[in-house]
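> okay, sequence plus prediction incoming.
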Amino acid sequence: MEEFDDDEIVKKIMHVMRNAPHGTIYTYEGLEMILIMAAYDQDISVAFVDDGVYALKKGQDTAGIEVKGFAKTFLALDGYDVEKLYVDQVSLEERGLTEDDLVVDVEVISSAEIGKMMTEQDVVIQH
Amino acid sequence: MEEFDDDEIVKKIMHVMRNAPHGTIYTYEGLEMILIMAAYDQDISVAFVDDGVYALKKGQDTAGIEVKGFAKTFLALDGYDVEKLYVDQVSLEERGLTEDDLVVDVEVISSAEIGKMMTEQDVVIQH
Amino acid sequence: MNIGILLKEGPYNHQASDTAYKFAEAAIKKGHTIDAVFFYNDGVNNSTGNMEPPQDDRHIGNRWVGLCQKNNVKMMVCIAAAKRRGINDDVLIDCGEITGLGNLTDIAIRNDRLVTFGD
Amino acid sequence: MNIGILLKEGPYNHQASDTAYKFAEAAIKKGHTIDAVFFYNDGVNNSTGNMEPPQDDRHIGNRWVGLCQKNNVKMMVCIAAAKRRGINDDVLIDCGEITGLGNLTDIAIRNDRLVTFGD
Amino acid sequence: MLHTINKSPFGSNSFETSSRFFQPGDPILFIEDGVYTVQADNKFSKILAEVQQNNPVYALSPDLDARGIGNIADGVTTIDYEGFVELVEEHQVNSWL
Amino acid sequence: MLHTINKSPFGSNSFETSSRFFQPGDPILFIEDGVYTVQADNKFSKILAEVQQNNPVYALSPDLDARGIGNIADGVTTIDYEGFVELVEEHQVNSWL
């Protein structure tokens, strides 16, 4: 750890989930990153875009592929004060999904609204 | 090396190039594989599909990205008796390219014709 | 039936490695012979003996070693692909063999099937 | 200006590693400070000291070491990502430091920019 | 020839491209992120239905389960790794990556 | 905000998706395989032209050279790594992967 010069800086950091879970590790390791960053009292948000929305799909059971499941970990984000979860509406609709298909409460908003938030960030990390 | 029980078996092996060069190593390492397999007197063919056709684009100069270029190595295939080079016509046209843009002589044929050849192979390897 | 496997992606980052293993396991259970797994491209990273995944996760390296020791599946690692990525005999899993693409050609020739897993 | 770099793919297989290096080099040439390169996902494979590419090819490992030794760029490797992929202190490049994601957070906070390279 | 497809059709063109090369009768097997293709009522349902007119379509059930895809398109056969092996017994394999 | 795109638009949906999120004035930089997007007269020329109405578009010349792309769409500015750094001086970065 560095010394705490940074103590009072609060940066706006957005994580963008754009990959499907399980086929690659990006969403899982992305979630690990978010959980750590959440402990640093930064202004964290998470946007689910494209296949990233599948990470939130209810009913995932990974026993058969012997890969660690993690959909329920998104439920824990709230306990870490990561409450800004945004889902891109077009991405959800293209996949024939609705909010009821998702494991956590999210805000379903337009790409333009998410795009506007992106420009307000200090850091955007895509996973 | 194995003992030469396999001596007289000639298998039909098709390599499919479907990735652009340089962004990933697949085409380059695929070409390395083809050059070795060519020494084994098998019936080798190579199909260029999707961004794989870009591997054959004339005028590639990789000095600026400090990555090894290899477009000219395709010219050497002929010397290894790898003469069956097929380019998927749709893939070429979608990219606004013609045969004149390519570094080697190829046969530009339809997806259906390549698909038919695929079914006649003993082995198909996608790169 | 005799089957060879070509694995083109590294462990954990891509599911390819898991699917290849589950496929091999099922084929053996059905009485087939898996002749060899040939690691190519980033697939060579499957052959490091240094993986230390979390305790509640699968250990991909140990799975390959088990397949080799119990079922005589050869674990072959392309030397050219391995060298540029830093895989050598010092880190190699038990059973691993660093070898040339000629061996992949032999695998393709002498087996009834060559099945590729990648991304 | 102070810049951090996040690198998410391994060497040779993806151009991301090359682009990150060329970007860092250009930024330093223009007088900026590259604070650190943080290796995540398969990016941790950039930190092995065992790469042996063909003589006529770039040596990606040595390039990172050079950037560190000449320009004081920290080379940080995520411990969780490294462990599952078999990267540990035995194979680590000179200058490499295996560390936690807290350090990435610090990099994101204390620099003017965080630039990601991946695939 | 058995064609396997392991990419989400939303992120990659694997399915759309490979479908130009399928020969009538060739079985198609969706695995890994490819199984999203057979989820009922998505953007690719129409192309899938066209493929099904000439080709038997399979999807790997462990991959469907892992992704929580319960509602799949009509006519798609779900199989496990053993079923995957059985398809390989019958056909040479072309893995679209 | 600077958006970088490093994937071929033929193989990946990165460009099409990201373009929904661009804000007017955001510069767009194509790097690596992303530079195929700015090749003149391809399937994506029309979408690119639409983007150009609201956004300045750049492409990394070392990547264009590496791929032999000489003929690029009107209005696209080519820059080297130094130019990339200059864009980063002016903007926060959003790297679409």
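Done, it's in. Computed from a predicted model, the values in this text were never measured in an experiment.

> for stretch C:84-94, which outside residues touch it?
C:42, C:44-45, C:47-50, C:61, C:64-65, C:68-69, C:75, C:77, C:82, C:98, D:10-13, D:45, D:48-54, D:57, D:61, D:86, D:90-91 (Cβ atoms under 8 Å, 6 or more residues apart in numbering or on different chains). Where you see a C-beta, it was placed from the backbone N, CA and C, and this is true even at glycine.

> of those residues, which belong to strands?
C:Met75, C:Val77, C:Ile98 (DSSP state E).

> put the buried members of the contacts of stretch C:84-94 into a PyMOL selection.
Only the buried entries of the contacts of stretch C:84-94 go into this PyMOL selection, using 16 or more other Cβ atoms under 10 Å in any protein chain shown:
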select buried, (chain C and resi 42+44+45+47+48+49+50+61+64+65+68+75+77+82+98) or (chain D and resi 10+11+12+13+45+48+50+51+52+53+61+86+91)
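
> among the contacts of stretch C:84-94, name the ones in helices.
C:Gly61, C:Trp64, C:Val65, C:Cys68, C:Gln69, C:Ala82, D:Gly61 (DSSP state H).

> now those residues as CSV including pLDDT?
Below are the ones in helices among the contacts of stretch C:84-94 laid out as CSV (pLDDT from 0 to 100):
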residue, pLDDT
C:Gly61, 98
C:Trp64, 98
C:Val65, 98
C:Cys68, 98
C:Gln69, 98
C:Ala82, 98
D:Gly61, 98
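
> list the contacts of A:Asp43.
By Cβ under 8 Å, 6+ apart, the contact list for A:Asp43 reads A:Val10, A:Lys11, A:Lys12, A:Ile13.

> swap in 10 Å and give it another go.
By Cβ atoms under 10 Å, 6 or more residues apart in numbering or on different chains, A:Asp43 lies in contact with A:Val10, A:Lys11, A:Lys12, A:Ile13, A:Met14, A:Asp81, A:Val82, A:Lys84, A:Glu120, A:Gln121, A:Asp122.

> phi, psi for it please.
Dihedral angles of A:Asp43 (phi, psi; degrees, to the nearest 10) stand at phi -90, psi 90.

> bridging residues for it?
A:Lys12 (DSSP bridges).

> check it and give its pLDDT.
pLDDT, A:Asp43: 96.

> go on, C:Lys30?
Looking at C:Lys30, the pLDDT reads 98.

> confirm that E:His3 sits in a strand.
Yes. Assessed by DSSP: H, G, I helix; E, B strand; the rest coil, E:His3 belongs to a strand.

> my guess is it contacts E:Arg20, does it?
No. Using Cβ atoms under 10 Å, E:His3 makes no contact with E:Arg20, being 11.4 Å away.

> could you point out which element follows the longest helix seen in chain C?
The longest helix of chain C (DSSP H) is helix C:16-29. Counting by DSSP states H and E, the next helix or strand C-terminal to helix C:16-29 is strand C:33-39.

> if I look at the residue in chain C positioned nearest to chain B, how far off is C:Met76?
Closest approach between chain C and chain B, counting by Cβ to the nearest Cβ: C:Leu101, at 3.9 Å. Between C:Leu101 and C:Met76 the computed distance is 10 Å (Cβ to Cβ, to the nearest Å).

> between the two, who's got more neighbours?
C:Met76 (26 against 23; other Cβ atoms under 10 Å in any protein chain shown).

> ok, what's across the strand from the more buried one?
Assigned bridge partners for C:Met76, using DSSP bridges, are C:Phe38, C:Glu97.

> shouldn't it be in contact with C:Gly100?
Yes. Counting by Cβ under 10 Å, C:Met76 touches C:Gly100, with 9.2 Å between them.

> what do the two both touch?
When contacts are counted by Cβ under 10 Å, 6+ apart, the set common to C:Met76 and C:Gly100 consists of C:Asp106.

> find the nearest non-adjacent residue to the most centrally placed residue in chain E, please.
Nearest residue to the geometric centre of chain E (Cα atoms, centre = their mean): E:Phe30, 2.9 Å. Sequence neighbours aside, E:Ala59 is the residue nearest to E:Phe30 in space, at 4.5 Å (criterion: Cβ to Cβ, 6 or more residues apart in numbering or on different chains).

> and that neighbour, how far from E:Pro24?
For E:Ala59, the distance to E:Pro24 - Cβ to Cβ - is 20 Å.

> and what of C:Asn111?
27 Å.

> also E:Phe30?
To E:Pro24, E:Phe30 is 19 Å away according to Cβ to Cβ.

> just A:Leu35 next, same as before
Relative to E:Pro24, A:Leu35 is positioned 50 Å away (Cβ to Cβ).
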